[in-house]
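Engineer: Sequence first, then the predicted structure:
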Amino acid sequence: MRGLPVFDLAIIFIYLVGMILVGVYFSRKNKNTEQFTKASGLIPGWAIGLSIYATFLSSNTFLGVPGKAFGSNWNAFVFSISMPLAAWVASKYFVPFYRRSGEISAYTHLEKRFGAWARVYAVICFLLTQLARMGSIFFGIALSLQALTGYSMQLIMIVMGICIIFYTVLGGIEAVIWTEVVQAVVKTLGALLILYLIVRNMDGGVDRIIEIGKSANKFSLGSFRMDFTSSSFWVVLLYGFFINLNNFGMDQNYIQRYHTASSAKAASRSVWLCVWLYIPASLLFFIIGSCLFAYYEVNPDLVQSIKHQVAVERLPLHASAAEILRVQQALQPADYGDKIMPDFMVTKIPVGLVGLIVSAILSAAMSTISSGMNASATVFSVDIYKRYFKKDITEKQNLSMLHVATIGFGLLGMLAGIAMIGVKSILDMWWQLSGIFAAGMLGLFLLGIVSKQSKNHEAIIATLIGILVIIWMTFSSLLPEEYEAFRNPLHQNMIIVVGTLTIFLVGVSLTKVKKLNT
């Protein structure tokens, strides 16, 4: 990390070593799969809540949200506003359900309800979601650290990935949770520090920021018209409710946390603690994005180097200076929003504080990636390996499989991050991918929970129809002009809403028709 002073390097090194030592400490306890996946159910509720909050507050939030606020407005904050309703459903129905089942995997009960196909389908959707999540987070952290160090994004992902794999394999879910408790504090303090530094460097202070933000409509939550073709308030609210319902009700990252609590009540409290921490924290990052917009609006010369970098990245290596200038002049704030905060860190944060900020960004990435690796390994072990390859697996073999799977999913996450280099917006990309992969399994899950009379036959037909709808909504924009009438007219964030409701409603309708005919 040649671009950083020694003092900043020392802070980052101490942070990374500290995270690894946590893994080494908890490795002494990890002698069986119960400890590796559930921590024997001895984690206090407040620690689980901070852990879930840290998983939510990833580098997608740390970098993607300020970039989104810089490029547009506070429309994406509606996602956070939707969380309390999803949390209420989760704490009232989902948490007690999983605690009663005792199953460490979130998908085992789907096989009991509808057959092995339902479990396999949900597992595939989950694993694809995790790879998309880990990839986007690896990409986000590399984007930031590249600006600070000058090293390639690929190298940064590999180095960080090895550190995360090391402590996650050694310490299991207990190391994941306790490192996330530390990371939750570090990243929150880092965000407050960034906000303070922006305001301090801004001519005119807070009043000037508010003035510029109002004139550019930066504080808008989006249109309140019942418009589902653009990113209106209602589209983001629906997307947020359904994706958070999936997070709290179907995502192994969170389901696994419920089992680490000492009781169902403690697990429910952890969900609410996450919500009440995340809402103001996410608002803080939108404020940072708006402050950065005002800062660069007052100092327009500073943004030219960022626009030049983006233009170079978008063009072939042999592009002429005239071509680069043409693309550079056509760029809008939304095209380079994700690069703004890393640039501010490089140019305006004093020596000593950069190390703290980088540690905060690292913690934002590491918390979500480590939990994703542990959850993916658990699902692979329980739902795939033990189910189809080695039913009589011993305790020692199972623990070894969990270690190997953790390493494997960490490496796949790195590869996904490398493949994402060059995307326009981290947040947009993650929202679209998560909506596509989560829609099917959430609809199937709700059908199994709510419609007690729905059987295998209805579930299969409903899921197939739902998959076709999801595929159409995702790829119909690629249809040629003459087939424009057959394109999906709705916004991409509506995929999870329509996909989930299609599976659920078709399944319920088929069940009622079957009941009338018998």
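Structural biologist: Received the coordinates, thanks.
Engineer: pLDDT wise, what is residue 171 at?
Structural biologist: Residue 171 is assigned 66 on the pLDDT scale.
Engineer: what's the closest non-adjacent residue to the residue most central in space within the chain?
Structural biologist: Nearest to the mean C-alpha position of the chain, by Cα atoms, centre = their mean, lies residue 133 at 5.0 Å. Spatial nearest neighbour of residue 133, chain neighbours left out: residue 372 (5.8 Å); criterion: Cβ to Cβ, 6 or more residues apart in numbering. The C-beta positions use only the backbone N, C-alpha and C, and glycine is treated the same way.
Engineer: what does residue 158 give?
Structural biologist: residue 414 is the one closest to residue 158 (Cβ to Cβ, 6+ apart), at 6.3 Å.
Engineer: For the one you found, I want the exact helix or strand it lies within.
Structural biologist: Per DSSP states H and E: residue 414 is located in helix 395-419.
Engineer: got it, and residue 358?
Structural biologist: Per DSSP H and E: helix 353-379 holds residue 358.
Engineer: hang on, the earlier thing: can you list contacts of the helix holding residue 414?
Structural biologist: For helix 395-419, the surrounding residues in contact (Cβ atoms under 8 Å, 6 or more residues apart in numbering) are 30-33, 36-37, 127, 130-132, 134-139, 142, 153-154, 157-158, 161, 164-165, 168-169, 172, 369, 372-374, 376-378, 380-381, 385-386, 390, 393.
Engineer: From these, list just the buried residues.
Structural biologist: 30, 33, 36-37, 127, 130-132, 134-139, 142, 153, 157-158, 161, 164-165, 168-169, 172, 369, 372-374, 376-378, 380-381, 385-386, 393 (16 or more other Cβ atoms under 10 Å).
Engineer: Residue 5 versus the residue nearest to residue 133, what's the distance?
Structural biologist: 32 Å (Cβ to Cβ, to the nearest Å).
Engineer: And for residue 307?
Structural biologist: 28 Å.
Engineer: What of residue 145?
Structural biologist: Distance from residue 145 to residue 5, by Cβ to Cβ: 15 Å.
Engineer: Tell me which of the two has more neighbours.
Structural biologist: More crowded of residue 145 and residue 5, by other Cβ atoms under 10 Å: residue 145, with 27 against 13.
Engineer: number of nearby residues for the spatially closest residue to that one that is not a sequence neighbour?
Structural biologist: In space, and not counting its chain neighbours, residue 145 is closest to residue 156: 4.9 Å by Cβ to Cβ, 6+ apart. Other residues near residue 156 come to 21 when the count uses other Cβ under 10 Å.
Engineer: one step back: now do the same for the residue nearest to residue 133: its pLDDT.
Structural biologist: 80.
Engineer: hang on, isn't it packed against residue 130?
Structural biologist: Yes: with contacts counted by Cβ atoms under 8 Å, residue 372 reaches residue 130, the gap being 4.7 Å.
Engineer: Return the helix or strand in the protein with minimum mean pLDDT.
Structural biologist: Across the helices and strands of the chain, the lowest-confidence element by mean pLDDT, DSSP states H and E is helix 33-38, at a mean of 60.
Engineer: which residues touch the residue nearest to residue 133?
Structural biologist: Per Cβ under 8 Å, 6+ apart, neighbours of residue 372: 130, 133-134, 253, 409, 413.
Engineer: by how many degrees do the lengthiest helix in the chain and helix 353-379 diverge?
Structural biologist: For the chain, the helix with the greatest residue count under DSSP state H is helix 153-201. Here helix 153-201 runs at an angle of 130 degrees relative to helix 353-379 (axes from the mean of the first three to the mean of the last three Cα atoms, to 10 degrees).
Engineer: Compute the inter-axis angle for helix 153-201 and helix 395-419.
Structural biologist: 70 degrees.
Engineer: what's the next secondary structure element after helix 153-201?
Structural biologist: Immediately after helix 153-201, counting by DSSP H and E, sits helix 205-215.
Engineer: quick one, that next one and helix 153-201 angle?
Structural biologist: Using the same axes, to 10 degrees: helix 205-215 against helix 153-201 is 110 degrees.
Engineer: Let the chain start at 29 from now.
Structural biologist: Yes, from this point I'll number from 29; that puts the last item at helix 233-243.
Engineer: What are the contacting residues of helix 233-243?
Structural biologist: Under Cβ under 8 Å, 6+ apart, the answer for helix 233-243 is 227, 230, 232, 246-247, 318-319, 321-323, 325-326.
Engineer: can you do 10 Å?
Structural biologist: Here helix 233-243 makes contact (Cβ atoms under 10 Å, 6 or more residues apart in numbering) with 97, 101-102, 226-227, 230, 232, 246-248, 315, 317-326.
Engineer: which of those count as buried?
Structural biologist: By 16+ other Cβ under 10 Å, the contacts of helix 233-243 give 97, 101-102, 226-227, 230, 246, 315, 317-325 as buried.
Engineer: So, low pLDDT: which residues of the stretch 429-546 of the chain?
Structural biologist: Residues of the stretch 429-546 of the chain meeting the criterion pLDDT under 70: 450-465, 467, 546.
Engineer: quick one on the thing from earlier: looking at the contacts of helix 233-243, which are in helices?
Structural biologist: Going by DSSP H, the helices hold 97, 226-227, 315, 317-326 from those.
Engineer: Now tabulate those residues in a markdown table and tack on pLDDT.
Structural biologist: Formatted as a markdown table, these follow (pLDDT from 0 to 100):
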| residue | pLDDT |
| --- | --- |
| 97 | 89 |
| 226 | 90 |
| 227 | 91 |
| 315 | 94 |
| 317 | 91 |
| 318 | 92 |
| 319 | 93 |
| 320 | 92 |
| 321 | 92 |
| 322 | 92 |
| 323 | 91 |
| 324 | 89 |
| 325 | 88 |
| 326 | 88 |
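Engineer: Please tabulate those residues in TSV and include distance to residue 488 as additional columns.
Structural biologist: Output for the ones in helices among the contacts of helix 233-243, formatted as TSV (distance: Cβ to Cβ, whole Å):
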residue	distance to residue 488
97	43
226	54
227	57
315	47
317	45
318	48
319	51
320	49
321	49
322	54
323	55
324	53
325	55
326	59
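Engineer: Could you single out the nearest of those residues to residue 298?
Structural biologist: Taking Cβ to Cβ as the measure, residue 298 lies nearest residue 315 of the ones in helices among the contacts of helix 233-243, at 26.4 Å.
Engineer: which residues does the closest residue to the closest one other than its chain neighbours contact?
Structural biologist: Distances taken as Cβ to Cβ, 6+ apart put residue 223 closest to residue 315, at 6.5 Å, once the chain neighbours are dropped. Residue 223 sits next to 94, 312-313, 315-316, 319-320 when contact means Cβ under 10 Å, 6+ apart.
Engineer: Then residue 397?
Structural biologist: Residue 397 touches 83, 86-87, 158, 161-163, 165-166, 169, 188-189, 192-193, 196, 204, 437-438, 441-442, 445, counting by Cβ under 10 Å, 6+ apart.
Engineer: pretty sure residue 379 contacts residue 34?
Structural biologist: Yes: between residue 379 and residue 34 there is a contact under Cβ atoms under 10 Å: 9.4 Å.
Engineer: Need the overlap of contacts for those two.
Structural biologist: Counting by Cβ under 10 Å, 6+ apart, nothing touches both residue 379 and residue 34.
Engineer: For the stretch 79-228 of the chain, give me the ranges with low pLDDT.
Structural biologist: Short version for the stretch 79-228 of the chain, where the test is pLDDT under 70: 87-88, 130, 132-134, 175-177, 199-200.
Engineer: Could you report the distance from residue 435 to residue 47?
Structural biologist: From residue 435 to residue 47 the distance is 17 Å (Cβ to Cβ).
Engineer: These two: which is more packed in?
Structural biologist: Per other Cβ under 10 Å, whichever of residue 435 and residue 47 has more neighbours is residue 47, with 25 against 18.
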